[in-house]
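S.K.: sharing a sequence plus its predicted fold:
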Amino acid sequence: MIKKGDVIKVFVSGIEDYGIFIKYEEYTGLIHISEISNNFVKSIYDYVSLGEQIYAEVLEIDEDTKKIKLSIKNIEYRICNKIPENVEEGFKSLEEKLPEWISNAENEMKKMTNK
């Protein structure tokens, strides 16, 4: 269970002029524009992208509605760009698997047309 002051990893589900919408487990929430930076925020897109995962500090929680208010202005909110050892970089793994997938699909189509 999360509590005020926790720093949690959230998913950016929407961006509006006034803030960042997030999802975290069963919670939805907002990082208001005033909680993005101590400096003037000209564009929220300078800070986050839709679909990105970031860290955010929990300011308030409403357990009844499962809504949370968050802040990123006093924390290092970017997730480390280091790739875990078990994940191959970029699209390389897809590129290597593509010929196998195409071959399998072609074989399946041949089976279907030969019936």
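M.R.: Arrived safely.

S.K.: where along the protein do the strands fall?
M.R.: Using DSSP state E, the strands of the chain run over residues 7-16, 19-24, 27-32, 53-62, 67-71.

S.K.: which one, of these, ends up nearest to residue 95?
M.R.: Smallest distance to residue 95 across the strands of the chain (Cβ to Cβ): 24.2 Å, for strand 53-62. C-beta here means a position set from N, CA and C on the backbone, and glycine is covered the same way.

S.K.: which parts of that closest one are buried?
M.R.: With burial defined by 16 or more other Cβ atoms under 10 Å, the residues of strand 53-62 counted as buried are 54, 55, 56, 57, 58, 59, 61.

S.K.: what do you get for stretch 20-28?
M.R.: Neighbour-count burial for stretch 20-28 [16+ other Cβ under 10 Å]: 20, 21, 22, 24, 27, 28.

S.K.: CA-only coordinates of that stretch in PDB, if you can.
M.R.: Listed next in PDB are the C-alpha coordinates belonging to stretch 20-28 (Å, rounded to 0.1, in the frame of the first residue of the first chain):
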ATOM      1  CA  ILE A  20       0.500  14.900 -16.400                       C
ATOM      2  CA  PHE A  21      -2.000  12.000 -15.900                       C
ATOM      3  CA  ILE A  22      -0.500   8.800 -14.600                       C
ATOM      4  CA  LYS A  23      -1.500   5.200 -13.800                       C
ATOM      5  CA  TYR A  24      -0.100   3.200 -10.900                       C
ATOM      6  CA  GLU A  25      -1.500  -0.200 -10.200                       C
ATOM      7  CA  GLU A  26      -5.200   0.400  -9.400                       C
ATOM      8  CA  TYR A  27      -4.600   4.200  -9.000                       C
ATOM      9  CA  THR A  28      -4.900   7.000 -11.400                       C
END
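
S.K.: how far away is the residue lying closest to residue 21 once chain neighbours are set aside from residue 56?
M.R.: The spatially closest residue to residue 21, leaving aside those adjacent along the chain, is residue 14, at 3.5 Å (Cβ to Cβ, 6 or more residues apart in numbering). When distance is defined by Cβ to Cβ, to the nearest Å, residue 14 is 14 Å away from residue 56.
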